[in-house]
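Asks: I need the structure of the sequence given here:
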Amino acid sequence: METPGHAEKGTAAMIYLHIFWAFFVANLLGYGGGPSTIPLIQNEVVQHYGWMTNKEFGDLLAMANVLPGPIATKMGGYVGYEVGGVLGAVLALLATIGPSAIAVILLFTFANRFKDALQIQWMTRSVQPVIAVLLAVLAYQFLLSAFEEMGWIHLILLGAGSYFAMERMKIHPAIVIVASLFYGGFFLSHI
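Replies: Purely as a prediction, here's the structure:
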């Protein structure tokens with residue numbers, strides 16, 4: 001017969017295992033770096049484990065983009081901390097950097113030898129459309145979420161304004177992100 005304390009430790013251990021596994025799988029399968037891992041992290045965090053809503057994930061992604069450093073590690077640290085405290089954050093960070101570290105250590109000697117191989121080039125090219133589709137699905141989900149939260153007027157103003165600022169006026173994306181944060185704080189804080 002299990003004591004209540006023993007059952008709680010078992011549940012906590014499963015939470016830590018889930019945190020580690022969610023970020024390990026997302027970063028193991030996220031070939032190509034940050035952009036390819038974001039939809040995978042979203043699937044694990046929102047769809048599979050239900051630790052966040054799609055809106056909360058979108059907010060986290062926006063904040064992770066504003067802060068310096070790799071997006072996946074910032075997201076892993078935040079989600080890990082929210083779900084499992086300091087140990088959860090440490091496990092999520094280890095799981096985030098683990099696949100890349102292991103791959104670099106194990107494959108470094110082969111990288112220069114096979115980089116010009118036709119099969120490797122085909123593999124790299126074939127993964128790019130999959131990443132594009134994953135990012136498109138994620139963008140569509142965020143578009144629907146943004147529409148529900150703030151409506152078309154603000155969505156069009158922010159989208160068109162951002163496009164114009166970055167593409168036509170050549171303003172750095174970081175400045176556009178900060179300006180969008182201020183816009184949201186001023187015009188959307190009542191929503």
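Asks: how close does the residue nearest in space to the middle of the chain get to Ala26?
Replies: Among the residues of the chain, the one closest to the centroid is Ile38, at 3.3 Å (Cα atoms, centre = their mean). The span separating Ile38 from Ala26 equals 9 Å under the rule Cβ to Cβ, to the nearest Å. For every residue, glycine as well, the C-beta is placed using N, CA and C.
Asks: what touches both of these two?
Replies: The overlap between the contact sets of Ile38 and Ala26 (Cβ atoms under 8 Å, 6 or more residues apart in numbering) consists of Ala72.
Asks: pLDDT of stretch 106-122, averaged?
Replies: Confidence for stretch 106-122, expressed as mean pLDDT, is 72.
Asks: Longest helix in this protein, please.
Replies: Among all segments of the chain classified by DSSP state H, the helix with the greatest residue count is helix 118-163.
Asks: Report all helices and strands that that one contacts.
Replies: With contacts defined as 3 or more Cβ pairs under 8 Å, 6 or more residues apart in numbering; DSSP states H and E, the secondary structure elements packing on helix 118-163 are helix 34-42, helix 54-66, helix 173-187.
Asks: Of these, flag the one that's most buried.
Replies: Each of those was given a mean neighbour count from mean count of other Cβ atoms under 10 Å, and the largest, a mean of 21, is that of helix 34-42.
Asks: which outside residues touch that helix?
Replies: Under Cβ under 8 Å, 6+ apart, the answer for helix 34-42 is 22-23, 25-27, 29-30, 54, 57, 61, 70-72, 75-76, 79, 127, 131, 134-135, 137-138, 141.
Asks: swap the cut-off to 7 Å and go again
Replies: Identification of contacts with helix 34-42 by Cβ atoms under 7 Å, 6 or more residues apart in numbering yields 23, 26-27, 29-30, 57, 61, 70-72, 75, 131, 134-135, 137-138.
Asks: quick one: which of those residues is nearest Val176?
Replies: The shortest separation between Val176 and any of these is 15.5 Å, and it belongs to Leu61 (by Cβ to Cβ).
Asks: and the gap between the nearest residue to Thr53 once chain neighbours are set aside and Leu188?
Replies: By the measure of Cβ to Cβ, 6 or more residues apart in numbering, the closest residue to Thr53 outside its immediate chain neighbours is Val46, 6.8 Å from it. With distances defined as Cβ to Cβ, the gap from Val46 to Leu188 amounts to 22 Å.
Asks: same thing with Ile156?
Replies: From Ile156 across to Leu188, the span is 14 Å (Cβ to Cβ).
Asks: One more: Lys115?
Replies: If you measure Lys115 against Leu188 using Cβ to Cβ, the figure is 47 Å.
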